[in-house]
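Q: Okay, sequence plus prediction incoming.
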Amino acid sequence: MNMTDAELRALCNRFFDAYQEARIDELDQHVLSKDCIIWTNVFGAKHRDENLALIVESQKRHRRRVYNDRIINTFDGGFVIQYTLNVVEHSGRAFPLSVAIVALCSDGRITRLDEYIDPTKSPAWQERMAAEKAQKAAAQG
């Protein structure tokens, strides 16, 4: 079923508000389709259930995640959003990420989400990712 511009914008904001507040049940029951695929240019493709588990993990790493400066554009069957993700880690280190998402939607749910993170604008995030990679390598070897 086709969704109107208003419905797509509402779904987009519902997704980000629930993600920001780690309302897993809201995402699971009302926002993401059961077969939703979420792809990022950093982590690759993940099934909806894998992504929901990652939200819980990210909440453990971060004191706060706020999705600011949301610019939403809709198209027939989905939306594009550009935003700034402002992260504050438990250590107090804060960094912004510039992100764009293309989402396909049907019957009031997101069916596919492609996320493009621009790491070049956040040296602090690049440092954290490099540290995590080094920790994983050390644990494996």
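A: Perfect, I can see it now. Residues are numbered from 1 along each chain as shown.

Q: Would you map the helices across the protein?
A: Along the chain, the stretches classed as helices by DSSP state H are 5-20, 24-26, 48-61, 123-140.

Q: Nearest to Thr74 among these would be which one?
A: For Thr74, the closest of the helices of the chain is helix 5-20, at 4.3 Å, according to C-beta to C-beta. (C-beta placed from N, C-alpha, C; glycine too.)

Q: what's the angle from that closest one to helix 48-61?
A: Put simply, helix 5-20 runs at 50 degrees to helix 48-61, going by axes from the mean of the first three to the mean of the last three C-alpha atoms, to 10 degrees.

Q: helices or strands next to helix 5-20 in the packing?
A: Counting contacts by 3 or more C-beta pairs under 8 Å, 6 or more residues apart in numbering; DSSP states H and E, helix 5-20 packs against strand 62-75, strand 78-89, strand 94-106, strand 109-118.

Q: Repeat the analysis, applying 7 Å as the threshold.
A: On a contact count with 3 or more C-beta pairs under 7 Å, 6 or more residues apart in numbering; DSSP states H and E, helix 5-20 meets strand 62-75, strand 78-89.

Q: contacting residues around it?
A: When contacts are defined by C-beta atoms under 7 Å, 6 or more residues apart in numbering, helix 5-20 is touched by residues 26-27, 31, 55, 65-67, 70, 72, 74, 78-79, 81, 105, 108, 110.

Q: quick check, nearest of those to Ser91?
A: Checking the contacts of helix 5-20 against Ser91 by C-beta to C-beta gives Arg65 as the nearest, at 14.6 Å.

Q: Does that closest one have any beta-bridge partners, and if so which?
A: Residues in a beta bridge with Arg65, per DSSP bridges, are Val87.

Q: Got a quick ChimeraX command for the buried subset of the contacts of helix 5-20?
A: Here is the ChimeraX command that picks out the buried ones among the contacts of helix 5-20, judged by 16 or more other C-beta atoms under 10 Å:
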select :26,27,31,55,65,67,72,74,78,79,81,105,110
